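Student: Provide a 3D model corresponding to the input given below.
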Amino acid sequence: MQQTVTDLLAILGDQALPKNQKQDRVSTLTRQHLDFQTLGRMTLGGSWRDLTEPQRNEFIKQFTDHLLGIYLPLVTEYAGQQVSVGDDHAESNGDHTAVTTVTDHKGSGGSLRQVASIACRLRRSNAGWKVIDLSVEGISVAVVFRAQFQPVVLSSGIDVLIERLRQKNAQVGREEARDKE
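Tutor: Numbering: from 1, shown residues only. All right, here's what the predicted structure looks like:
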């Protein structure tokens with residue numbers, strides 16, 4: 001976990017990298033260390049088992065693109081905040097949770113203030129430890145998206161949710177292209 005944070009901060013702190021290259025590198029790093037399949041399954045909860053394999057694959061693709069579309073633009077907000085990884089603790093099912101703390105200098109006095117606390121739930125896979133969920137200030141990403149997605153799935157079905165994600169992702173793509181012009 002510490003190495004991933006170190007790698008992330010090196011990318012974000014590199015003033016020579018243009019914004020789009022930072023986003024590409026952060027995207028690559030995120031894809032290496034976040035288990036989007038498990039996060040997507042947790043997000044859909046019980047609805048996951050009712051999906052066909054093609055629906056699962058398309059949902060994970062669109063969900064991954066949606067998450068990256070939301071969070072990658074935040075890399076431009078990085079302004080030297082410090083991130084420290086605390087001790088991890090074992091969960092009952094073999095997962096581990098590591099808490100990272102983001103601090104920033106406050107005002108001209110330079111005292112540190114905590115900006116955020118992020119708990120990363122990790123699960124061992126064949127490729128090593130992967131993040132399966134993040135909780136920012138105690139609020140799980142999987143739970144937040146489940147609250148948004150479940151009503152759509154229950155009332156209109158998974159195909160409607162996938163189409164809405166596809167449309168949102170296309171909109172983000174158009175906005176990114178416009179920003180590059």
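Student: Can you name the residues that contact the most centrally placed residue in the chain?
Tutor: Geometric centre of the chain, nearest residue: L67, 5.8 Å, by Cα atoms, centre = their mean. Residues near L67 by Cβ atoms under 8 Å, 6 or more residues apart in numbering: F36, L39, V141. Every C-beta, even on glycine, is put in place using the N, C-alpha and C of the backbone.
Student: Now the first one: closest residue in space, sequence neighbours ignored.
Tutor: So the one you mean is F36. Spatial nearest neighbour of F36, excluding adjacent residues (Cβ to Cβ, 6 or more residues apart in numbering): T64 at 4.4 Å.
Student: give me the element that neighbour is part of.
Tutor: Using DSSP states H and E, T64 sits in helix 53-71.
Student: Only the C-alpha atoms, please, for the helix or strand just after that helix, written as CSV.
Tutor: Using DSSP H and E, the helix or strand that directly follows helix 53-71 along the chain is strand 82-90. Only the C-alpha atoms of strand 82-90 are listed here, as CSV (Å, rounded to 0.1, in the frame of the first residue of the first chain):
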residue,chain,number,x,y,z
GLN,A,82,0.8,14.6,2.4
VAL,A,83,-0.6,11.1,2.5
SER,A,84,0.5,8.6,5.2
VAL,A,85,-0.5,5.0,5.4
GLY,A,86,-1.3,3.8,8.9
ASP,A,87,-1.2,0.2,10.1
ASP,A,88,-3.5,-2.3,8.5
HIS,A,89,-5.8,-4.6,10.5
ALA,A,90,-7.2,-8.0,9.5
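Student: quick one: strands adjacent to strand 82-90?
Tutor: Its sheet considered, strand 82-90 pairs with strand 96-106 (antiparallel) by DSSP bridges.
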